[in-house]
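Asks: My questions concern the predicted model and sequence given below.
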Amino acid sequence: MVGAGRVGRLHTSNLAEQLGGRARVTALVDPDVQAAGRLAAEFAVAKTYGSLAQALADQSFDGAVITTPTFTHRDLAVTALEAGLDVHLEKPMAMNLVECAAIAEALQASGRRLQLGFMRRFDPAFEAGAALLLSGEIGQPMIIKSLTHGPGLPPPWANDIRTSNGLIAEVCSHDLDTVNWFAASPAREITVKVANFKGRERGVESANFYDTMLATVVFESGALASVAGVCPADYGYDARVEVTATKGMMQVGQTGPGGLAAVKAGAGVSASRVYSSWRERFAEAYRREMSGFADVMEGGQPRVGAEAGAEAVALVVAGVQSLLSGRTVALSEVTANPATPDWQKAL
Ligand SMILES: NC(=O)c1ccc[n+]([C@@H]2O[C@H](COP(=O)([O-])OP(=O)(O)OC[C@H]3O[C@@H](n4cnc5c(N)ncnc54)[C@H](O)[C@@H]3O)[C@@H](O)[C@H]2O)c1
């Protein structure tokens, strides 16, 4: 387990307690040795290391689960693949398409497999939605509306477009992957508008910070998509998708475990409990995702991998370019000659 932060803890707990012993976390890697030590003690992980290189020098592994900040993904994924490990890599795959290409190259050369951390691919409701679209029963997608509203501010590195690309990557990567998945057609262009309502009061000083975004994506098929992101939303964690297709419509996801959450005008009463966090809403998907990675380490093919990861990163990079420039950006502008974007060079 590389990274002992929020997602490192979640995946460690699922691997240790939910897979019936199919996989075992034998080492925790984090330069924050205290964080690694605490997590190792909680789940009886035998060894901790300050770096992946130290862990690889000391013992052998079947796989690496990489749950570190986005700006570290390329180096860690390439190191793990070159060491002959299968890799679960958290989303977003990397900071830009140059980094995605380096990971894809190492993957190809290693002959190993890489699972990308798009856990919605493992969620029963999202899976059923994808299967319904594939069946053709409701026809072809015309408009796909995906939203994710997160309850609180993510860690500071995730609020700075130089180290993470911000909300469009850290929260809405999942939506971008979903609209790609459901549209089943290459994205052609993206337009992004952003706003900042709560940054100042929460003490976020990073330049270009935004807590609210709306993206529109046009696909080659002609389908349109909107992706809305809000973080911090404070009322809870909310991830929903609605697809209107040529012969029907479908809705995936609800605001809470009880279904409808309605607010009465003038009374402000919520009719049912709203999900409190992504850990709660996607608890089953995260378990199935780690089970999927155990399958991969046993020789199975990843359900979602580097190709989908890079397609989402292309939308992220074109999206940040759009929000900074105020214009629509064609995907071909970022995919034709991948380069490190200017805003990532400023660190
Ligand atoms: N799939 C999901 O639903 C989901 C949810 C949240 C975050 N994420 C993703 O997971 C990743 C981590 O996010 P987080 O919220 O857990 O971050 P975090 O800041 O809580 O934890 C990251 C940890 O990685 C450690 N770290 C930094 N550099 C390292 C290195 N070189 N080697 C080993 N450890 C290192 C840090 O010390 C920290 O403990 C990000 O890519 C993020 O986008 C995914």
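Replies: Great, that's in hand.
Asks: Pull up the residues of the stretch 201-347 of the chain that are close to the ligand.
Replies: The stretch 201-347 of the chain comes close to the ligand at residues residue 278, as judged by Cβ under 6 Å from any ligand atom. To be clear about C-beta, it is placed using only N, CA and C from the backbone, and glycine gets the same treatment.
Asks: Name all residues that make contact with the residue of the stretch 201-347 of the chain found nearest the ligand.
Replies: At 5.0 Å from the ligand, residue 278 is the closest residue in the stretch 201-347 of the chain, using Cβ to the nearest ligand atom. By Cβ atoms under 8 Å, 6 or more residues apart in numbering, the contact set of residue 278 is 150, 237, 239.
Asks: switch to 10 Å and redo it
Replies: 6-7, 10, 119, 148, 150-151, 171, 174, 237, 239, 285-286 (Cβ atoms under 10 Å, 6 or more residues apart in numbering).
Asks: same question, residue 106
Replies: Residue 106 neighbours (Cβ under 10 Å, 6+ apart): 74, 77, 78, 79, 80, 81, 82, 87, 112, 114, 306.
Asks: try residue 200
Replies: Contact analysis of residue 200 by Cβ under 10 Å, 6+ apart lists residue 209.
Asks: Now do the SS call for it.
Replies: coil (DSSP: H, G, I helix; E, B strand; the rest coil).
Asks: Let's see the pLDDT reported for it.
Replies: pLDDT, residue 200: 93.
Asks: tell me the phi and psi of it?
Replies: Its backbone dihedrals place residue 200 at phi -60, psi -50, with angles given as degrees, to the nearest 10.
Asks: now do residue 135
Replies: With angles defined as degrees, to the nearest 10, residue 135 sits at phi -70, psi -20.
Asks: repeat for residue 143
Replies: For residue 143, the backbone dihedrals (degrees, to the nearest 10) come out as phi -140, psi 130.
Asks: longest helix in the protein, by residue count?
Replies: helix 306-325 (DSSP state H).
Asks: Direction included, what does the following helix or strand past that helix pair against?
Replies: Remark: after helix 306-325, the chain's next helix or strand is strand 329-330, criterion DSSP states H and E. For strand 329-330, the paired strands and their directions (DSSP bridges) read strand 187-195 (antiparallel).
Asks: how far does the partner strand sit from the chain's center?
Replies: Computed by Cα atoms, centre = their mean, to the nearest Å, the chain-centroid distance of strand 187-195 equals 18 Å.
Asks: Please give me every residue in contact with the residue of the chain found nearest the ligand.
Replies: Closest residue of the chain to the ligand, Cβ to the nearest ligand atom: residue 5 (1.7 Å). Residues in contact with residue 5, defined by Cβ under 10 Å, 6+ apart, are 30, 32, 35, 39, 67, 68, 69, 155.
Asks: Then the fourth one would be within a helix, right?
Replies: If I follow you right, that is residue 39. Yes. According to three-state DSSP, residue 39 belongs to a helix.
Asks: angle of the longest helix of the chain against strand 187-195?
Replies: Relative orientation of helix 306-325 and strand 187-195, computed by axes from the mean of the first three to the mean of the last three Cα atoms, to 10 degrees: 50 degrees.
Asks: 774 is where my numbering starts, stick with that
Replies: In the new count, where the first residue is 774, that last one comes out as helix 1079-1098.
Asks: Centre of the chain to helix 1079-1098, how far?
Replies: Using Cα atoms, centre = their mean, the offset of helix 1079-1098 from its chain centre is 13 Å.
Asks: May I have it exported as PDB, CA atoms only?
Replies: The C-alpha coordinates for helix 1079-1098 follow below in PDB (Å, rounded to 0.1, in the frame of the first residue of the first chain):
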ATOM      1  CA  ALA A1079      -4.900   3.000 -18.400                       C
ATOM      2  CA  GLU A1080      -6.900   3.800 -21.500                       C
ATOM      3  CA  ALA A1081     -10.000   5.100 -19.600                       C
ATOM      4  CA  GLY A1082      -7.600   6.800 -17.200                       C
ATOM      5  CA  ALA A1083      -5.900   8.800 -20.100                       C
ATOM      6  CA  GLU A1084      -9.300   9.600 -21.700                       C
ATOM      7  CA  ALA A1085     -10.400  11.200 -18.400                       C
ATOM      8  CA  VAL A1086      -7.100  13.100 -18.100                       C
ATOM      9  CA  ALA A1087      -7.500  14.400 -21.600                       C
ATOM     10  CA  LEU A1088     -10.800  16.000 -20.500                       C
ATOM     11  CA  VAL A1089      -9.200  17.300 -17.300                       C
ATOM     12  CA  VAL A1090      -6.400  19.000 -19.200                       C
ATOM     13  CA  ALA A1091      -8.600  20.400 -21.900                       C
ATOM     14  CA  GLY A1092     -11.100  21.400 -19.200                       C
ATOM     15  CA  VAL A1093      -8.500  23.400 -17.100                       C
ATOM     16  CA  GLN A1094      -7.400  25.000 -20.400                       C
ATOM     17  CA  SER A1095     -11.000  26.000 -21.000                       C
ATOM     18  CA  LEU A1096     -11.600  27.400 -17.500                       C
ATOM     19  CA  LEU A1097      -8.400  29.500 -17.600                       C
ATOM     20  CA  SER A1098      -8.900  30.800 -21.200                       C
END
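Asks: that older thread, quick one: buried ones out of the contacts of residue 1051?
Replies: Among the contacts of residue 1051, the ones that count as buried by 16 or more other Cβ atoms under 10 Å are 780, 783, 892, 921, 923, 924, 944, 947, 1010, 1012, 1058, 1059.
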